[in-house]
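Visitor: After the sequence you'll find the predicted model.
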Amino acid sequence: MRVNAYQFRDTWLLSAPVPQVFDAVTDVAGYPRWWPDVRTVSRVDDDTAELVCRAALPYALVIRMRRDEQDVHRGRLRVHLTGDLEGVLAAVVLRRPGGTRLEITQHVIATKRLLRALSPLARPLFQVNHALMMRRGRRGLQSHLATIAR
């Protein structure tokens, strides 16, 4: 595997019904309301949005997400990523006792010059940065979904 290639797998257990979770994760424009590391979202067209993300480390990522699949009946989502990260993000939204299981997989190559240059040494830091961002995303989504349920 290339030193600037990353694979991530995250599972979020959420105490909300599948339709609410699916709606929240497909509403990319709403991410900044509940995900503190997603700083801005700009709509490019009906299937594409540009996000600016910044987690714990002092750099921002500019990523374009283009919808490839959005199947509410199968609970499947898939987007292609371009920009500072190139690759694919896929998610499956599954019913579980007491709520929803959201399984997220990402296969990306870091194309941002800083990340490419530092990947040989800073790879563990980048992985921790990603984990922190995903943890804050899960917590933010859970709080957001609890607000909707009230």
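Guide: It's in.

Visitor: All the helices of this structure, in order from the start?
Guide: 18-26, 31-34, 113-149 (DSSP state H).

Visitor: how about TSV for those, with distance to D10, mean neighbour count and mean pLDDT added?
Guide: Bear in mind the C-beta positions are built from the backbone N, C-alpha and C, glycine included. Output for the helices of the chain, formatted as TSV (distance: least, CB to CB, whole Å; neighbours: other CB atoms under 10 Å; pLDDT from 0 to 100):
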stretch	distance to D10	mean neighbour count	mean pLDDT
helix 18-26	12	19	97
helix 31-34	15	18	98
helix 113-149	5	15	94
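
Visitor: With respect to L89, which of these lies nearest?
Guide: L89 lies closest to helix 18-26 among the helices of the chain, at 10.5 Å (CB to CB).

Visitor: Run through the neighbouring helices and strands of that closest one.
Guide: Packing contacts for helix 18-26, counted by 3 or more CB pairs under 8 Å, 6 or more residues apart in numbering; DSSP states H and E, involve strand 76-83, strand 85-96, strand 99-110, helix 113-149.
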